[in-house]
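>>> With the sequence up front, the predicted model follows.
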Amino acid sequence: TVLSMGVLYHRRDPLEHLENLLALTLGGGEVVLETLVLDMAGSDVLVPTGRYAKMRNVWNIPTPTVLTGWMKQAGFVDIRVVDVTKTTHAEQKKTPWMNYESLADYLDPDNENLTTEGHRAPVRAVVIARKP
């Protein structure tokens, strides 16, 4: 099993990253991919200009449909989206030992469904796929 957790959206070329994951996976093995997605139907990809949730290095946030298409194109089979979940304050928050900015600082103070830049708020997907 090869894990890619929170990496894909930081890659300028998501297909190249997926192809690299496939190359690292033994035949019949699995990849577990966790990444940001647009929680909506269709074939949209958010390509933020500037920042996304105050991050400078977010290049592509696809819908689950686009993400599974990329994985198929990279050579994966048996592709399953097993979870799509909105990122919450309970999982990403300030603590006494981590007192820098956190999710609350990255969202629009008047609408937590949007980032400070006006994009959709972070939603994570977990996808499991197999190498033939």
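Yep, that arrived.
>>> and whichever strand in the chain runs longest, how far from the chain's centre?
Using DSSP state E, we find that the single longest strand of the chain is strand 77-86. Between the mean C-alpha location of strand 77-86 and the chain-wide mean there is a distance of 11 Å, by C-alpha atoms, centre = their mean, to the nearest Å.
>>> what's around L103, how many residues?
By other C-beta atoms under 10 Å, the residues close to L103 number 19. Bear in mind the C-beta positions are built from the backbone N, C-alpha and C, glycine included.
>>> any idea of the mean pLDDT in stretch 7-25?
Model confidence over stretch 7-25, given as mean pLDDT, is 97.
>>> in that stretch, what counts as buried?
By neighbour count, and taking 16 or more other C-beta atoms under 10 Å as the criterion, the buried residues in stretch 7-25 are L8, Y9, H10, R11, P14, H17, L18, E19, L21, L22, T25.
>>> residue contacts, the last one?
Put plainly, it is T25. By C-beta atoms under 8 Å, 6 or more residues apart in numbering, the residues touching T25 are V2, V31, K131.
>>> quick one: which of those is nearest to I61?
Distance ranking of the contacts of T25 against I61, using C-beta to C-beta, places V31 first at 18.9 Å.
>>> Please verify my assumption that the closest one contacts L8.
No. The pair formed by V31 and L8 falls short of the contact definition of C-beta atoms under 8 Å, at 10.9 Å.
>>> what's the weakest-modelled helix or strand in the protein?
Between all helices and strands in the chain, the lowest mean by mean pLDDT, DSSP states H and E belongs to helix 103-106, at a mean of 84.
>>> Determine the set of other helices and strands touching the next helix or strand after it.
Sequence-wise, the next helix or strand beyond helix 103-106 is strand 107-108, with elements assigned using DSSP states H and E. Packed against strand 107-108 by the contact rule (3 or more C-beta pairs under 8 Å, 6 or more residues apart in numbering; DSSP states H and E) you find strand 111-115.
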